[in-house]
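J.: need a structure here:
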Amino acid sequence: VLLRYCPVEIVDIGANPLAQAAPYSPLLERGLAHVIGFEPHKEAFAALSAKNDSHADYLNVGVGDGQAHDFHIYSGVGLSSIFPLRQANIDTLELSATDLVEKTKIETVRLDDIAEIERIDFLKIDTQGSELMIFQNGQEKLSKTLAIQTELRFLQLYDGEPTMGQVLDHLVQSGFEFHRLVG
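T.: Next up, the predicted model:
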């Protein structure tokens, strides 16, 4: 029997390279996966592109509902979002790097409309509140997805972001089961 090697197809929406390594890094290091990453923040995208990883392709694109949205860029790059920070909760948490640096418009593309994605074995998504919007506009691609790792918060960090319950409810209705909390 001849087995054909097929790399794990990973989609990383909000691929901003923060302090910790991506959860799929061991697969990339061994050449067992291919990543298509999306990052709308120009500086974060430049950092991803500078990696020159032969097993990863990055696009400077915002994934969403196919509409234009305000993009709030904060001094802490990992906080940038289409939603503004909820000041009362920021003050309670005593977070730093929450200064608004720039507010610009970005066009988003629906997950289901991204031709570069043929299949998703593992979806890692960290988009600071717009995860539900992306799931709702990616039902076709998600119907064949094996696993999702999504950022969720018990406390709303952004004005207008859906609650953790709303996101989980949508995923359950889409056929996914909650596995565990990470981090």
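J.: phi first, then psi, for Lys105.
T.: Per-residue torsions, Lys105: phi -100, psi 140 (degrees, to the nearest 10).
J.: same thing with Leu28?
T.: The phi/psi pair for Leu28 (degrees, to the nearest 10) reads phi -60, psi -40.
J.: got the contact list for the residue lying closest to it once chain neighbours are set aside?
T.: Spatially, and ignoring its direct neighbours in sequence, Leu28 is nearest to His55 (5.2 Å; CB to CB, 6 or more residues apart in numbering). Quick note: C-beta positions are derived from backbone N, CA and C, even for glycine. Contact analysis of His55 by CB atoms under 8 Å, 6 or more residues apart in numbering lists 7, 28, 31, 33-35.
J.: what comes up buried for the helix or strand of the chain with the lowest mean pLDDT?
T.: Ranked by mean pLDDT, DSSP states H and E, the weakest helix or strand in the chain is helix 87-93, scoring a mean of 87. Using 16 or more other CB atoms under 10 Å as the test for burial, helix 87-93 gives Ile90.
J.: run through who's touching that helix.
T.: Residues outside helix 87-93 that contact it (CB under 8 Å, 6+ apart) are 98, 155-157.
J.: 10 Å - rerun?
T.: With contact meaning CB atoms under 10 Å, 6 or more residues apart in numbering, helix 87-93 is reached by 74, 79, 86, 95-96, 98, 153, 155-159.
J.: now tabulate those residues in JSON lines and tack on pLDDT and neighbour count.
T.: Shown next, in JSON lines, are the contacts of helix 87-93 (pLDDT from 0 to 100; neighbours: other CB atoms under 10 Å):
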{"residue": "Tyr74", "pLDDT": "94", "neighbour count": "21"}
{"residue": "Leu79", "pLDDT": "93", "neighbour count": "20"}
{"residue": "Arg86", "pLDDT": "94", "neighbour count": "18"}
{"residue": "Leu95", "pLDDT": "84", "neighbour count": "14"}
{"residue": "Ser96", "pLDDT": "85", "neighbour count": "10"}
{"residue": "Thr98", "pLDDT": "93", "neighbour count": "16"}
{"residue": "Arg153", "pLDDT": "89", "neighbour count": "14"}
{"residue": "Leu155", "pLDDT": "91", "neighbour count": "10"}
{"residue": "Gln156", "pLDDT": "92", "neighbour count": "16"}
{"residue": "Leu157", "pLDDT": "94", "neighbour count": "18"}
{"residue": "Tyr158", "pLDDT": "96", "neighbour count": "20"}
{"residue": "Asp159", "pLDDT": "96", "neighbour count": "15"}
